[in-house]
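# With the input below, show me the fold.
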Amino acid sequence: MAWRVILSVLFLISSNFEGGAVGAPQVPCYFIFGDSLADNGNNNNLETDAKANYPPYGIDFPEGATGRFTNGRTYVDMIAELLGFDEFIPPFATANASDILRGVNYASGGAGILDETGQQLGDRISLNHQLQNHLVTILRIREMLGADAATYLNQCAYTIWMGSNDYINNYLMPDIYPTSKLYTPVQYADVLIEQYKQQLKTLYSYGARRLAIFGLSEIGCTPAEISEFGTNGSQCVDKIDNEVVLFDDRLKPLINELNRELAGAKFIYVNTYGISTTAVPAVPVSSSTCCEVKEDEQCIPFRTPCPNRSMHSYYDGFHPTETVHMEVAVIGYRALLSSDAYPFEIRVSRGSEEGYSEIKR
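Down below sits the predicted model:
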């Protein structure tokens with residue numbers, strides 16, 4: 001499957017060139033919800049251990065260490081580029097009135113679907129709180145656009161990737177959280193999906209129609225979880241990945257349900273787990289961390305990271321390198337296989353008023 005990697009990189013380069021030539025973004029604005037995989041500075045001024053506003057984070061990013069939990073761009077940075085935006089979407093923490101009409105990034109390291117997730121890390125902005133912040137943005141947009149605000153928000157792109165911390169910083173920490181004692185893995189996946197369903201419907205009620213929902217990836221393959229739990233001879237912690245699959249298996253039917261029930265909804269499922277298992281491991285990359293990590297598996301401040309960062313899957317104990325972010329962004333944007341995204345891809349067809357491009361199967 002190495003050809004997927006090569007094609008993805010070539011496509012990213014050509015798409016950036018094409019987008020720059022055309023000039024206008026495919027959508028007027030882009031709103032981002034998520035955790036540390038998308039956080040671009042919202043946690044910087046919070047009282048939390050979950051922050052990445054110091055080197056060696058950002059070593060390959062033009063502005064240096066901004067709060068992104070990787071060496072360079074994140075998948076949402078790249079999606080913004082692929083959609084035609086000539087600037088990165090600003091974090092809610094610093095976005096001003098002139099910024100919000102092109103979108104806002106609400107993502108927060110340590111955040112989860114459940115409010116209590118990640119509380120041992122300190123402050124974080126849960127998905128419920130991110131939705132509250134989005135409502136603040138909407139009210140400001142309504143002040144600027146008046147009666148046109150609703151139509152404007154319907155045309156925007158939205159992405160959300162949540163749930164990883166509900167396992168890493170909740171269910172898999174039985175000494176801190178009771179969830180693994182209260183629920184079987186199947187029951188816990190059901191609890192998360194039911195809560196997520198209500199949150200996605202809230203986002204719809206706020207005007208989201210073009211919403212890409214990313215499934216969970218191979219949490220059991222992160223260096224931190226392998227170090228904590230061991231693999232018993234496998235490549236990854238199979239028990240953890242089996243639990244994650246329970247969540248993903250419920251997410252795709254949920255998206256089908258919401259597309260049927262919510263008028264005008266163009267929700268899509270991005271099969272992150274499938275992309276990571278069929279595309280990323282095909283590259284001859286190291287599974288060890290690129291930076292030297294602290295006890296909490298984040299980078300030790302100011303230590304020099306590995307020189308060959310493109311040959312590593314993980315930058316620290318939990319977070320992928322820019323190389324992996326690129327895979328997820330590009331394949332989610334323009335699916336190479338019918339299993340990559342469903343029932344649409346993130347790319348918006350030129351001249352289309354329908355939303356995402358439907359995938360030919």
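# Going by residue numbers, what spans are helices in this protein?
2-22, 75-82, 127-145, 149-154, 164-166, 179-182, 185-205, 223-229, 238-261, 272-278, 322-333 (DSSP state H).
# most neighbours per residue, which of those?
helix 164-166 (a mean of 28; mean count of other Cβ atoms under 10 Å). In short, each C-beta sits where N, CA and C put it, glycine included.
# Out of the helices of the chain, flag the one nearest Ala97.
helix 127-145 (6.7 Å; Cβ to Cβ).
# packing partners for the closest one?
strand 30-34, helix 149-154, helix 185-205 (3 or more Cβ pairs under 8 Å, 6 or more residues apart in numbering; DSSP states H and E).
# can you put the ones you listed in JSON lines and add distance to Val104?
Shown next, in JSON lines, are the helices and strands packed on helix 127-145 (distance: least, Cβ to Cβ, whole Å):
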{"stretch": "strand 30-34", "distance to Val104": "6"}
{"stretch": "helix 149-154", "distance to Val104": "12"}
{"stretch": "helix 185-205", "distance to Val104": "13"}
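# In JSON lines: the ones you listed, plus distance to Ser126 and mean pLDDT.
Output for those, formatted as JSON lines (distance: least, Cβ to Cβ, whole Å; pLDDT from 0 to 100):
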{"stretch": "strand 30-34", "distance to Ser126": "11", "mean pLDDT": "98"}
{"stretch": "helix 149-154", "distance to Ser126": "22", "mean pLDDT": "98"}
{"stretch": "helix 185-205", "distance to Ser126": "10", "mean pLDDT": "98"}
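# Can you say which of these is nearest to Ala265?
When the helices and strands packed on helix 127-145 are compared by Cβ to Cβ, helix 185-205 sits nearest Ala265, at 6.2 Å.
# what does that closest one contact?
Under the criterion Cβ atoms under 8 Å, 6 or more residues apart in numbering, residues 33, 113-114, 127-128, 131, 134, 158, 160, 162-163, 166, 171, 179-180, 183, 211, 213, 242-243, 246-247, 249-251, 254, 258, 262, 265, 267 lie in contact with helix 185-205.
# one more time with 6 Å, if that's ok
Residues from elsewhere that reach helix 185-205 (Cβ atoms under 6 Å, 6 or more residues apart in numbering): Ile113, Leu127, Leu131, Asp166, Tyr171, Glu243, Leu246, Phe247, Arg250, Leu254, Leu262.
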